[in-house]
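**Q** Provide a 3D model corresponding to the input given below.
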Amino acid sequence: MPNIKSSKKAVKVIAKKTDNNHELKMRVQNLIKNCDKAIAANNKEEANIKLKEVQKFADKAVSKGLMKKNTVNREKSRLTQKVKNMK
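**A** Predicted coordinates for the structure are as follows:
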């Protein structure tokens with residue numbers, strides 16, 4: 001444990017940022033899973049809504065440096081293709 005006051009504060013700040021970053025990454029992953037489930041259930045309306053959410057939060061994660069740009073673009077592209085190819 002740190003002894004210096006600024007170091008103690010830094011530990012708290014880092015913990016808070018880590019929690020926020022983890023929450024955003026998990027949100028993106030869960031939205032991708034939910035979008036896949038909507039596609040599997042053949043629910044086009046819900047799939048489109050989930051796809052827009054995935055795009056929004058995935059782009060936020062990229063802008064914060066939590067996920068790589070190419071990875072996010074690949075995931076968005078795959079989901080978009082799946083939604084387009086739904087019957």
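
**Q** What strand or helix carries the most centrally placed residue in the chain?
**A** For the chain, the residue nearest the mean C-alpha position is residue 28 (2.1 Å; Cα atoms, centre = their mean). Here residue 28, judged by DSSP states H and E, is contained in helix 5-40.

**Q** which other helices and strands contact whichever helix or strand comes after that helix?
**A** Next helix or strand after helix 5-40 toward the C-terminus (DSSP H and E): helix 44-63. Under the contact definition 3 or more Cβ pairs under 8 Å, 6 or more residues apart in numbering; DSSP states H and E, helix 44-63 sits against helix 5-40, helix 69-84. (C-beta placed from N, C-alpha, C; glycine too.)

**Q** Tell me what angle helix 44-63 forms with helix 69-84.
**A** Angle of helix 44-63 versus helix 69-84, following axes from the mean of the first three to the mean of the last three Cα atoms, to 10 degrees, is 170 degrees.

**Q** What lies in contact with helix 44-63?
**A** The contact list for helix 44-63 (Cβ atoms under 8 Å, 6 or more residues apart in numbering) reads 24-25, 27-28, 31-32, 34-35, 38-39, 67-69, 72, 75-76, 79-80, 82-83, 86.

**Q** ok now it, how far from the chain's centre?
**A** Taking the mean of its C-alpha atoms, helix 44-63 sits 8 Å from the chain's own mean (Cα atoms, centre = their mean, to the nearest Å).

**Q** May I see the buried residues of that helix?
**A** For helix 44-63, the neighbour count (16 or more other Cβ atoms under 10 Å) marks 47, 50-51, 53-55, 57-59, 61-62 as buried.

**Q** Could you do stretch 64-76 as well?
**A** Per 16+ other Cβ under 10 Å, stretch 64-76 contains these buried residues: 66-67, 72, 75-76.
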